[in-house]
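A.B. asks: please find the sequence and the predicted model below.
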Amino acid sequence: MASKEVLLMSNMLKLKEIYPFLETFFDQQPGELFKQEDLTLQQILLEMEESGSEDNVFDATLFVDQLQEFIQQMEAFTGVSSQSVDVLTILPGKDKSGNAETFDALHFRKSTITSIVGPTGSGKSRLLADIEWVAQADTPTARTILVNNEKPTVDWRFASGKKLVAQLSQNMNFVMDLSVREFLELHASSRMIAGAAEIVERIIHAANELAGEKFSGETPITSLSGGQSRALMIADTAMLSSSPVVLIDEIENAGIDRKKALQILTGEEKIVLMATHDPILALMADQRIVIKNGGIHRVVQTSAAEKNMLEGLEEADRKLQTLRTKLRAGESIVDQSF
Amino acid sequence: MNLITVSGPPSSGKTAVILKTAESLKKRGIKLGAVKFDCLHTDDDVAYEKAGIPVKKGLSGQLCPDHYFVSNIEAVVEWGLAEDFDLLVSESAGLCNRCSPYIKEIKAICVIDNLSGINTPKKIGPMLRMADIVVITKGDIVSQAEREVFAARVHAVNPSAIVMHINGLTGQGAYELSTLLFDSGKKIDSLKGMKLRFSMPSALCSYCLGETRIGESYQMGNVRKINLEKK
Ligand SMILES: Nc1nc2c(ncn2[C@@H]2O[C@H](COP(=O)(O)OP(=O)(O)OP(=O)(O)O)[C@@H](O)[C@H]2O)c(=O)[nH]1
Ligand SMILES: [Mg+2]
C-alpha cells in the first residue's frame, strides 16, 4: 500500500485510479469537497480544517487512519475472495443438556444441499450462529467449524464483507424504493466486482425462470409479488452474494419453482442449508440433519428408496396445486385419480 | 468494573441487543447494571428491571442529551461501583445524529438497523465513525442484498470497527457479542482524566435559553444562516 505521504500528495482522480474501491469510501464522507477530483487529499483535508472540522464533524487524523485501514482491508479482501470454500466441516459439541453429539465430523460441500429438520426452538439458530461465527469450541454448543479442512482465520469472524452465511427467510422483504435493475446494480457496486452489468442481466433472467409471473428490470422491487420477490432474492443471493453458504428457511410452495431455485444455488457452487418440514424439499437434499434439544441428533443420507419417492411426491404435489388453482377460480375440483 | 457505552438512533434495537447479550453475560456470572439516557421519555428502565438488571434513567428534557450525558456519567459510574457491578452498560439514543457520547478508552458500540435506509450510515457522524463495534439489527426483515449493501456502507464509514449482525428478537449473534464486552484487564474505578472521543455540538444561542419568538432581532449568540444563493 502507498505510504501516508503518497496518499496525501495524490489527487482524488489519481487515488481512485489506483484504488477503484475508494469511490465508495469517498462517497461516504461528509461535505462536497471529496467530489473535487483535481484536489490532492492534503488540500481537501486542509480545507476541511479551515471551514471548521467541527461543522463537518470531521477528524482529519482519524480520517487518514481509516483510509489506510480501508485500503489494506480491501486489498486483502480481493485476494482472499478468489479463494473459494469447498467444504465446511462441523466437529461435534454438545446439546443443551450437555450430552455429546454423536457424529464424527459433518461435511457440507459446495454445490450440495443439506436439509435441517427439527421443531422450532430446537437449536437451528444456534447451529447457524456457530457457522457464522466459525465457532472454535467457544460457543455454548462447543462445536468447532473448519473451513476447507483447516482452522479458519479470524477474519471470517470480524471482517466486514466477508461473511460465511447468507440468509433467506420467509419474512424478508425489499424495503428500498428502486427498480429491479437499479437494485441489482447497487448490490453489484457494493461488491466491487468486474462484469457487473452482465451479472445483473443474468439474475433478472434467472429470477424470471423461477417466478410464475414475469417481471422486467424496470419493475419497482416493492411491487413484486411474494413469489417474484423470493425468486429475485434467490437468484441475487446465488450470483451476487459473497457468502459461500446459503441458508434458506423453508421455500413456500407458491409462485416459485423450488427445484429450479435449488439448482441455481448449487449451480453457483453454494453450500446450501435448508430448514424445512416439507418432505419434497427434504428429499431434494443430499443429506439431512435432525436437531433435537440444541444438538445435532442424527445425520441421515437421503437413501435411494427415499429419492425414488420424490417423483411420486412431486406428481401428487402438482395435482394438489392444480386443485388449488381450480378452487380459486371457482371451478369444480373433481379429479378421477383420487 | 467495566463500562461500555451503547448508542444509536431511536428504536434501532439497542435495548433488545443489550438484553439478549445480558443473558449470555449472566450465565458467565457477570453482574450487570444499566443506565439509560434519553431526551423526553423512555420505558427502557422497565424492560431492564423486568430482566432483573438494576437500572437508572436520566432524561435530559430541555437540554442537549449529550451534554447531559457527559455531566452525569461520572456520578453514574460511582453508582455502578457502589453496586459492585462487573459491567455497567450505558444506553443512549443518538437524537440529532451529530452526537457521540463516546469516551476514549471506554468500549463504544453503535447499534443501527437495516430498515433505516442505505444513506443513513453517511448521515450519522461520529456516533458511527468512532465506534469500536457496530451492531446491525433487523436483518430478518430485509433481503440479503440489502443487508450486504448496508454493511458495505457501514464499512466505508468506519473501516476500523468490528461489524456484527444481531437479531434483536431471536438473539442470534448476541452470544458472540457478549464475548467481546467484558475484559478483566479494562477495569475502571473512575472516569477522572478521561476525554470524549469527539467534541459535542457547540451551541449557545437565544433559543437555547428559552427564547420562543421568531425574528432576526431575537437571535443572539451562536447563530448560523442557511445558504439560499443560486448555485
Ligand atoms: N424484526 C426485528 N425487530 C427488532 C430487532 N431488534 C429490535 N427489534 C424491535 O425494534 C423495536 C425497538 O427496539 P428497542 O430495543 O426498543 O430499540 P432502542 O434502540 O432501544 O430504542 P430507544 O431506546 O427507544 O431509542 C422493538 O419493537 C424491538 O422488538 C430485530 O433484529 N428484528
Ligand atoms: Mg432502548
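C.D. replies: The structure has been received and is ready for your questions. Ligands and ions are numbered 1, 2, ... in the order given.
A.B. asks: what's the pLDDT at A:Glu54?
C.D. replies: Here the pLDDT value assigned to A:Glu54 is 56.
A.B. asks: now do the strands in the chain.
C.D. replies: Picked chain A for this. Listed in chain order, the strands of chain A (DSSP state E) span A:87-91, A:106-109, A:113-117, A:144-147, A:165-168, A:245-249, A:271-275, A:287-292, A:295-301.
A.B. asks: to clarify, I was referring to chain B.
C.D. replies: Going by DSSP E, chain B shows strands at B:2-8, B:32-38, B:55-59, B:87-93, B:107-113, B:133-137, B:162-165.
A.B. asks: what's near enough to touch the residue in chain B positioned nearest to ligand 1?
C.D. replies: Per CB to the nearest ligand atom, B:Gly168 is where chain B lies closest to ligand 1, at 2.2 Å. The C-beta positions use only the backbone N, C-alpha and C, and glycine is treated the same way. Counting by CB atoms under 8 Å, 6 or more residues apart in numbering or on different chains, B:Gly168 makes contact with B:13, B:16-17, B:20, B:137-138.
A.B. asks: which of those are close to chain A?
C.D. replies: Among these, not one lies near chain A by CB under 8 Å from any CB of the partner chain.
A.B. asks: redo those residues as JSON lines? Include pLDDT.
C.D. replies: Output for these, formatted as JSON lines (pLDDT from 0 to 100):
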{"residue": "B:Gly13", "pLDDT": "97"}
{"residue": "B:Ala16", "pLDDT": "98"}
{"residue": "B:Val17", "pLDDT": "98"}
{"residue": "B:Lys20", "pLDDT": "97"}
{"residue": "B:Thr137", "pLDDT": "97"}
{"residue": "B:Lys138", "pLDDT": "96"}
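A.B. asks: closest to chain A among those residues?
C.D. replies: B:Lys138 (9.7 Å; CB to the nearest CB).
A.B. asks: report pLDDT for the nearest residue to the closest one once chain neighbours are set aside.
C.D. replies: Leaving aside its chain neighbours, B:Lys138 sits nearest to B:Asp113 (4.2 Å; criterion: CB to CB, 6 or more residues apart in numbering or on different chains). You'll see B:Asp113 listed with a pLDDT of 96.
A.B. asks: could you do A:Gln43 as well?
C.D. replies: We have a pLDDT of 91 for A:Gln43.
A.B. asks: returning to that earlier point: residues in contact with the residue nearest to B:Lys138?
C.D. replies: Counted by CB under 8 Å, 6+ apart, B:Asp113 has contacts B:9, B:11-13, B:136-138.
A.B. asks: got it, and A:Gly212?
C.D. replies: A:227, A:255-257.
A.B. asks: how about A:Glu132?
C.D. replies: A:163-165, B:173.
A.B. asks: now swap in A:Glu23 and tell me
C.D. replies: Counting by CB under 8 Å, 6+ apart, A:Glu23 touches A:Lys16.
A.B. asks: how about the residue of the stretch 101-250 of chain A found nearest ligand 2, nearest residue that isn't a chain neighbour?
C.D. replies: Ranked by CB to the ion, the top residue of the stretch 101-250 of chain A for proximity to ligand 2 is A:Val175, at 21.8 Å. Leaving aside its chain neighbours, A:Val175 sits nearest to B:Val142 (5.5 Å; criterion: CB to CB, 6+ apart).
A.B. asks: check what pLDDT the one you found gets.
C.D. replies: Reported pLDDT for B:Val142: 93.
A.B. asks: any regions of chain A where pLDDT drops low?
C.D. replies: A:1, A:52-57, A:77-83 (pLDDT under 70).
A.B. asks: near ligand 2, which residues of chain B are found?
C.D. replies: Proximity of chain B to ligand 2, by CB under 5 Å from the ion, involves residues B:14-15, B:44.
A.B. asks: burial of residue 228, as a residue count?
C.D. replies: This is for chain A. 23 (other CB atoms under 10 Å in any protein chain shown).
A.B. asks: oops, chain B please
C.D. replies: With other CB under 10 Å as criterion, B:Leu228 counts 5.
A.B. asks: quick one, what contacts it?
C.D. replies: No contacts exist for B:Leu228 under CB under 8 Å, 6+ apart.
A.B. asks: give me the number of residues near the closest residue to A:Thr24 other than its chain neighbours?
C.D. replies: For A:Thr24, ignoring the flanking residues on the chain, the nearest one in space by CB to CB, 6+ apart is B:Ala156 at 4.8 Å. Using other CB under 10 Å, B:Ala156 has 24 other residues around it.
A.B. asks: could you measure from B:Ala156 over to B:Pro121?
C.D. replies: 8 Å (CB to CB, to the nearest Å).
A.B. asks: anything in contact with each of the two?
C.D. replies: Residues touching both B:Ala156 and B:Pro121 by CB under 8 Å, 6+ apart: A:Gln28.
A.B. asks: longest helix in the chain, please.
C.D. replies: Reading this off chain A. Criterion DSSP state H: the longest helix present in chain A is helix A:304-329.
A.B. asks: if you could check chain B rather than the one you did, that'd help
C.D. replies: When chain B is parsed with DSSP H, its longest helix is helix B:65-83.
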